[in-house]
Each structure stands twice: as structure tokens, then as C-alpha cells.
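Engineer: Following is a predicted model, sequence given first.
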Amino acid sequence: MNTTADARTTWDGIYAARPAATDPRPNVRLTEAVAELPPGDALELGCGEGGDTLWLARRGWRVTAVDLSAVAVERLNALARSHGLADRVTAEQHDLGASFPEAPEAPDGPEASEAPEGTESTESTESTNGTNGRFDLVTAHYLHTPFDLDRSAVLRRAAHALRPGGRLLVVDHGSTAPWSWNQDPDVRFPSPQEVAEGLALDPAGWTVERADAPRRTATGPDGTTAEVTDHVLCVRRVRRTDGRA
């Protein structure tokens, strides 16, 4: 059971079995990493219930949120409308192994979208599998799946989708929580450094700002708590890689 259709059916079933969230919480690693950044265009890979997307939108970010599950996408679009954030949130269904989202144009046209203060405002013309550098932030929290997905290729594409000055924030599981769907005792969690190496990014164009494994107390769906480890990687695009400043 490894087809895209199987994956969609599985994740739709997981979300449909849960009550729809009314105000989902953001991930703590997002809030600590992004709170001081100026808002711009953000992309969330694997948005789930949408806590991160809504948190970003409330702080002025324009967010494109994607998930394989149509249930998750429909619920997030409805949540954005109910919270008065529909003008800042676009939720789309994507199989990231086959398609990749683009940043929406600003309301007054592409010229209206500016990079945050302190970053390059010129968009990169470099294209990797059809993507251009149009995002100031790309986040991927716990983008793990039992189905076939070339995750390194997806994250590499995400790095190329950044404007100069933009950041890719990848947060992975570094331990198994009691409520995790994967309870394999032999599962191995690649370190942030290994994830960075797997992206094979040109060091002239991207730099690793953070690669560590902090611990925290997490709360599961049933209210139980456990100490877990997160693997956190933050990569910043420092300049274009086509030879232009």
C-alpha cells in the first residue's frame, strides 16, 4: 500500500476521525524560531490541522499551506474564513512528490509583494523543478509518512523556493512519543546535520543557521504527557546561485 491514492485515503481517514479543531495550537519550535522575523510570504508543507498557518497569518504572514489530505485542506480553509484570515491563507491539496505550490501574487499584483526588511527584494529567476524563489519562509514540521516520498528532494525544492534571506525550518521527531503512529523500536531518527547533508545545497547559496536536538514536554491527543526530542534544522538562503547579487 504505497500509492498516492492509498496515502490520500489513509490521511483523509485520520483527519476525518478527529473532531475538527476550532483553534489549533502552533508548534512550539515554530513560535520560538519565527516570532522575531518580519512577516512576508510563507509556505507550510504538511499543514495538518493548521495551527502553524493560523499563527503565522495572525502575525501578518501570507501563508500557502499544503497537505495531501483534502479533509485537512478543506478544514483549514474553513478555519481561516471563520477567523477572518481568508485573505492571508491559501490552503491547497498537493502530493509533494508530484507537484509543488507557488507563492500567490500580492493583491495589487506581483510588484506589491516585497521581501521583508533586511532581505533581497529581487526574486530569483533560478528554477528547480518549476519553482522560483518567492517565499520568505518555508516550514516542514514532522513531515514523516509511512508512504513512499523522496523527502530530501521535497526539502531541496523548498530551499530553492526561498527568496534570498528566506529560511527553511525543518522540525523532525528525534524520539518516539507514546502516541506516535510509528512504534517501531528499531526506527532511526536522522540528525539535523544528516538532513542538511541530504539536501546537497551549494554552501555559497545557503547556510545552516541551526541544527540541534532540544527536548521538551509534549502533550498527546489523549492528554498524556511525555518528554520528547525534536530535531531542528534552519537553513537560510544567503544569495542567488545564478551569479547575480
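Structural biologist: It's in. Quick caveat, the model's predicted, so the values are computed rather than measured. Numbers count the residues shown, from 1 in each chain.

Engineer: Could you identify the helix or strand that succeeds whichever strand or helix holds T64?
Structural biologist: Secondary structure from DSSP states H and E places T64 in strand 62-67. Downstream of strand 62-67, the first helix or strand assigned by DSSP H and E is helix 70-82.

Engineer: Mind listing what's buried along that next one?
Structural biologist: 71-73, 75-77, 79-80 (16 or more other CB atoms under 10 Å). The C-beta positions use only the backbone N, C-alpha and C, and glycine is treated the same way.

Engineer: Contacts for stretch 210-225, please.
Structural biologist: The contact list for stretch 210-225 (CB atoms under 8 Å, 6 or more residues apart in numbering) reads 18, 28-29, 33, 174, 177-179, 191-193, 196, 226-234.

Engineer: related to what we said a few turns ago, for the buried residues of helix 70-82, give me JSON lines that also has distance to W55.
Structural biologist: Formatted as JSON lines, those follow (distance: CB to CB, whole Å):
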{"residue": "V71", "distance to W55": "21"}
{"residue": "A72", "distance to W55": "16"}
{"residue": "V73", "distance to W55": "18"}
{"residue": "R75", "distance to W55": "16"}
{"residue": "L76", "distance to W55": "12"}
{"residue": "N77", "distance to W55": "16"}
{"residue": "L79", "distance to W55": "12"}
{"residue": "A80", "distance to W55": "12"}
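
Engineer: ok, the residues you listed vs P38, which is closest?
Structural biologist: For the buried residues of helix 70-82, the minimum distance to P38 (CB to CB) is 21.4 Å, reached by A80.

Engineer: what's the burial count for W11?
Structural biologist: Applying other CB atoms under 10 Å, we find 20 residues neighbouring W11.

Engineer: Assign a three-state SS to G165, would you?
Structural biologist: At G165 the chain is in strand, as set by DSSP: H, G, I helix; E, B strand; the rest coil.

Engineer: shouldn't it be in contact with R237?
Structural biologist: Yes. Between G165 and R237 there is a contact under CB atoms under 8 Å: 6.7 Å.

Engineer: hang on, the earlier thing: farthest-apart pair in the buried residues of helix 70-82, please.
Structural biologist: Across these, the longest distance by CB to CB is 15.2 Å; it joins V71 and A80.

Engineer: shaky segments in the chain?
Structural biologist: Along the chain, the model assigns pLDDT under 70 to residues 1-2, 104-132, 240-245.

Engineer: quick one, strands of the chain?
Structural biologist: 41-45, 62-67, 89-93, 124-128, 131-133, 135-141, 162-173, 206-212, 215-219, 225-237 (DSSP state E).

Engineer: Redo the ones you listed as a markdown table? Include mean neighbour count and distance to G13.
Structural biologist: Formatted as a markdown table, the strands of the chain follow (neighbours: other CB atoms under 10 Å; distance: least, CB to CB, whole Å):
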| stretch | mean neighbour count | distance to G13 |
| --- | --- | --- |
| strand 41-45 | 27 | 21 |
| strand 62-67 | 26 | 14 |
| strand 89-93 | 20 | 15 |
| strand 124-128 | 16 | 33 |
| strand 131-133 | 21 | 30 |
| strand 135-141 | 25 | 21 |
| strand 162-173 | 24 | 21 |
| strand 206-212 | 16 | 35 |
| strand 215-219 | 12 | 23 |
| strand 225-237 | 20 | 25 |
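
Engineer: And L54, how close does it get to D12?
Structural biologist: 21 Å (CB to CB, to the nearest Å).
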